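K.L.:
Build the 3D model from these lines:
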Amino acid sequence: MIGFFIALISGALMSIQGVFNTQVTKGSSIWTANAFVQFTALLVCLAAWLFTDRSSFTQVFHVQPKYMLLGGAIGAFITYTVIKSMDALGPARAVMLIVVAQLIVAYVIELFGWFGVEKQPWEWRKAIGMAVAIIGIVVFKWK
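P.N.:
As a prediction, this is how the structure comes out:
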């Protein structure tokens, strides 16, 4: 149950962050805003580490396979694409498309067992759920 609430908070924070980042971009540039976002995230993470964790930073370099270390680089492009999509579509439409894309890609990752995720069998109810989400986007966008 706690995972459910954490996921809801995550979604809310992602939407708020997207709006904030889009506004920051209007006063600077997209890559400057993106760098600032990533830098402030680094500061928050370092502070959290200082007060809670204090495990060795070098442990991260033992991660295998090494391409898993690209999460931060992917994060920079996530920030970029969220800003651009919110600017072009508005927050609600952009977030709907982002969430459906996340859902579809996450399900494909599970189906094929990519990136060390345990492979899951095909389930029609999940495919129907994704179709309902896509229909929801069409209904939401309908004028």
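
K.L.:
Residue 94: how many residues sit nearby?
P.N.:
22 (other Cβ atoms under 10 Å). Yep, even glycine has a C-beta here, placed from its N, CA and C like the rest.

K.L.:
in the host helix or strand of it, what's buried?
P.N.:
For residue 94, the host element (DSSP states H and E) is helix 91-112. Under the neighbour-count criterion of 16 or more other Cβ atoms under 10 Å, helix 91-112 has 91, 94, 95, 96, 98, 107, 110 buried.

K.L.:
now the lengthiest helix in the chain: mean pLDDT?
P.N.:
Criterion DSSP state H: the longest helix present in the chain is helix 2-27. Helix 2-27 carries an average pLDDT of 92.

K.L.:
Quick one: residues contacting residue 51.
P.N.:
With contact set as Cβ atoms under 8 Å, 6 or more residues apart in numbering, residue 51 has no partners.

K.L.:
Just give the closest residue to residue 80, not the sequence neighbours.
P.N.:
residue 34 (5.7 Å; Cβ to Cβ, 6 or more residues apart in numbering).

K.L.:
oh sorry, the question was meant for residue 15
P.N.:
Per Cβ to Cβ, 6+ apart, closest to residue 15 is residue 95, 5.3 Å.

K.L.:
Kindly provide the distance from that neighbour to residue 22.
P.N.:
According to Cβ to Cβ, to the nearest Å, residue 95 stands 12 Å off from residue 22.

K.L.:
any common contacting residues for those two?
P.N.:
With Cβ under 8 Å, 6+ apart as the test, residue 95 and residue 22 both reach residue 86.

K.L.:
rewinding a little: list the buried ones in the helix or strand the residue nearest to residue 80 falls within?
P.N.:
Residue 34 is located in helix 30-48, with elements delineated by DSSP H and E. By neighbour count on 16+ other Cβ under 10 Å, the buried set for helix 30-48 is 30, 33, 34, 37.

K.L.:
Which residue lies nearest the spatial centre of this protein?
P.N.:
By Cα atoms, centre = their mean, the chain has its centre lying nearest to residue 78, at 6.6 Å.

K.L.:
what's the spacing between that residue and residue 41?
P.N.:
12 Å.
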